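[1] Fold the following.
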Amino acid sequence: MNHLQSLDERLNALFYFLFEDRDSRVRGWLLLDSYLPTLSLTILYLLTVYLGSKYMRNRPAYSLKGVLQVYNFSVTMLSLYMLVELVSATLSAGYRLQCQGLHEAGEADLRVAKVLWWYYFSKVIEFLDTIFFVLRKKNSQITFLHVYHHASMFNIWWCVLNWIPCGQSFFGPTLNSFIHVCMYSYYGLSTIPSMQKYLWWKRYLTQAQLIQFILTITHTLSAIVVPCGFPVGCLLFQFSYMATLVILFVNFYVQKKTARRIHQVQSPKWPLCLHQWHQLQEEKVVFGPGCQDNDLLQQPPESIHVVTLLLKCSKTGISFSMHVLYRNLCT
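    Numbering: from 1, shown residues only. Have a look, this model is predicted:
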C-alpha cells in the first residue's frame with residue numbers, strides 16, 4: 001500500500017511539473033484525483049486483450065448476440081445524451097466555434113465539464129469493444145489502430161478533465177458523440193435480421209470517421225492561429241495526436257480496400273462468368289467458307305495467336321483477364 005501511495009505521489013509531482021495546478025472545479029470527481037485508477041485500468045485492458053487472445057486461440061468463439069445488443073444500444077443512448085447536452089450547453093453559454101477559453105462562461109463551463117466527465121468515463125466502457133472482439137475471435141478487428149486509440153483516449157481524457165475540462169475541449173467530443181450514435185446504432189441494429197435492409201449509413205461510417213479527424217485538426221489549428229487564451233501546448237498536443245490517428249486510419253483504410261480487391265479477384269464466384277468467357281472465345285474463332293468445326297483440331301501451331309482480354313462479369317461486377325486462343329481458320 002505504501003508503494004502505491006509513493007507511486008501516486010510521484011505521478012502527481014510529474015503532472016504538476018508538466019502542467020502545473022489542476023483545475024479546482026473538478027477536484028473530488030470520480031477517478032480524477034489520482035492517475036493510478038486510469039493507469040491500472042489501461043494496463044488491465046492491454047493484458048486482457050493479449051492474454052485473452054491466447055486463451056481463445058483453441059476455443060470456440062462466443063456469440064454474445066444478446067449482450068452485444070444491450071451494449072451497443074446502451075452506448076448509443078449515452079452518446080446521444082452527450083451529443084444533445086454538449087450542443088445545448090455550448091449554445092446556451094454562447095461558446096464560440098472558432099476558439100473558446102476556459103473561464104469565460106461561468107456556470108455553463110461547469111455544465112460542459114460534467115458532460116465531458118461522462119465522455120472520459122465512456123472511454124473505459126468502450127474497452128468492452130475489444131474484449132468482445134477477443135471473445136468472438138474477431139482478431140482481424142483487433143488492429144494496432146484500434147488498441148492504440150482505445151488505450152490512449154482514456155488516458156488523454158484524464159488529463160483533459162484535470163487541466164482543460166471545458167472551453168475549446170468541447171469540439172472533439174461533440175463530433176465523436178455524433179459519430180458514435182451512428183456507429184453503435186448500426187452495430188446494434190445489424191444484429192436484428194429484419195432491420196439490416198434499412199442500415200443505409202453503413203457505407204459512410206469509415207469516411208465519416210476520417211472527416212471527424214480532419215475537422216478536429218482544422219478546429220485545433222484555427223485556435224492556434226487565432227488564440228483565445230486556451231493553452232497552446234494542449235492544442236499542439238491535440239494536433240499531433242490527431243495527426244497520428246489520421247495516418248493510421250488512412251493506412252488501415254487503404255489496406256482494407258486492397259484486401260477487398262484481392263478477395264474479389266480470388267472469389268469462388270468467378271465461375272459464374274465462364275459462360276461469357278466461352279461465348280467470347282467462340283466469337284474469336286473465324287470460320288471461312290467451307291470450314292468445318294473439326295478443322296479446329298487440324299490447324300498448325302503458327303496459326304494460333306494468344307489474345308489477352310479484360311472481362312467484367314455482369315453478375316458479380318468482378319473484372320479479370322483471360323488468355324484467348326485466336327485462330328485464323330480456313331482463310
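[2] C-alpha from now on. contacts and neighbour counts both.
    Will do.
[3] Helices along the stretch 151-300 of the chain, start to end?
    171-189, 205-225, 232-265, 274-283 (DSSP state H, counting those that start in this stretch).
[4] Can you show me the CA trace of stretch 94-103 as PDB?
    Only the C-alpha atoms of stretch 94-103 are listed here, as PDB (Å, rounded to 0.1, in the frame of the first residue of the first chain):
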ATOM      1  CA  GLY A  94     -22.600  31.400 -26.200                       C
ATOM      2  CA  TYR A  95     -19.500  29.300 -26.900                       C
ATOM      3  CA  ARG A  96     -17.500  30.500 -29.900                       C
ATOM      4  CA  LEU A  97     -17.000  27.800 -32.500                       C
ATOM      5  CA  GLN A  98     -13.500  29.100 -33.600                       C
ATOM      6  CA  CYS A  99     -12.000  29.200 -30.100                       C
ATOM      7  CA  GLN A 100     -13.300  29.200 -26.500                       C
ATOM      8  CA  GLY A 101     -11.300  29.900 -23.300                       C
ATOM      9  CA  LEU A 102     -11.600  28.000 -20.100                       C
ATOM     10  CA  HIS A 103     -13.100  30.700 -17.800                       C
END
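[5] Comparing the helices of the stretch 151-300 of the chain, which comes out most buried?
    Highest mean neighbour count among these (mean count of other C-alpha atoms under 10 Å): helix 171-189, with a mean of 20.
[6] outside of it, which residues touch it?
    Contacts to helix 171-189, defined as C-alpha atoms under 8 Å, 6 or more residues apart in numbering, come from residues 68-70, 72-73, 75-77, 79-80, 82-83, 86-87, 116, 119, 195-196, 199, 201-202, 205, 208-209, 212, 216, 219.
[7] One more pass at 6 Å, please.
    Counting by C-alpha atoms under 6 Å, 6 or more residues apart in numbering, the neighbours of helix 171-189 from elsewhere in the structure are 69, 72-73, 76, 79-80, 83, 216.
[8] Quick one: mean pLDDT over that helix.
    What helix 171-189 shows for mean pLDDT is 97.
[9] now stretch 41-60
    When the per-residue pLDDT values of stretch 41-60 are averaged, the result is 97.
[10] Which parts of this structure are strands?
    With DSSP state E as the criterion, the chain has strands at 304-312, 319-327.
[11] Neighbours of residue 2, how many?
    The burial count assigned to residue 2 is 7, neighbours taken as other C-alpha atoms under 10 Å.
[12] where does this structure have low pLDDT?
    For the chain, applying pLDDT under 70 flags the ranges 1, 263-331.
[13] Could you check how far residue 191 is from residue 184?
    Applying C-alpha to C-alpha, to the nearest Å, one obtains 11 Å for the distance of residue 191 from residue 184.
[14] Just to check, residue 61 is in contact with residue 136?
    Yes: between residue 61 and residue 136 a contact is recorded at 4.6 Å, counting by C-alpha atoms under 6 Å.
[15] quick one: contacts for residue 223?
    Contacts here follow C-alpha under 6 Å, 6+ apart; on that basis residue 223 touches residue 99.
[16] rewinding a little: between the helices of the stretch 151-300 of the chain, which one is closest to residue 101.
    Evaluated with C-alpha to C-alpha, the helices of the stretch 151-300 of the chain place helix 205-225 nearest to residue 101, the distance being 9.9 Å.
[17] That closest one vs helix 171-189, what angle?
    Going by axes from the mean of the first three to the mean of the last three C-alpha atoms, to 10 degrees, helix 205-225 is angled at 170 degrees with respect to helix 171-189.
[18] orientation of helix 205-225 relative to helix 232-265 in degrees?
    With the same axes, to 10 degrees as the criterion, the two stretches helix 205-225 and helix 232-265 enclose an angle of 160 degrees.
[19] quick revisit: want to try a markdown table for the helices of the stretch 151-300 of the chain, with distance to residue 129 as columns?
    As requested, the helices of the stretch 151-300 of the chain are arranged in a markdown table below (distance: least, C-alpha to C-alpha, whole Å):
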| stretch | distance to residue 129 |
| --- | --- |
| helix 171-189 | 10 |
| helix 205-225 | 17 |
| helix 232-265 | 17 |
| helix 274-283 | 43 |
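[20] Mind checking these for the one nearest to residue 152?
    When the helices of the stretch 151-300 of the chain are ranked by proximity to residue 152, the top entry is helix 232-265, at 9.5 Å, counting by C-alpha to C-alpha.
[21] chain center to that closest one: distance?
    Average the C-alpha atoms of helix 232-265, do the same for its chain, and the two points are 9 Å apart (C-alpha atoms, centre = their mean, to the nearest Å).
[22] What of stretch 169-188?
    12 Å.
[23] Identify the residue nearest residue 112 in space, chain neighbours excluded?
    For residue 112, the nearest residue in space outside its immediate sequence neighbours is residue 166; the separation is 5.8 Å by C-alpha to C-alpha, 6 or more residues apart in numbering.
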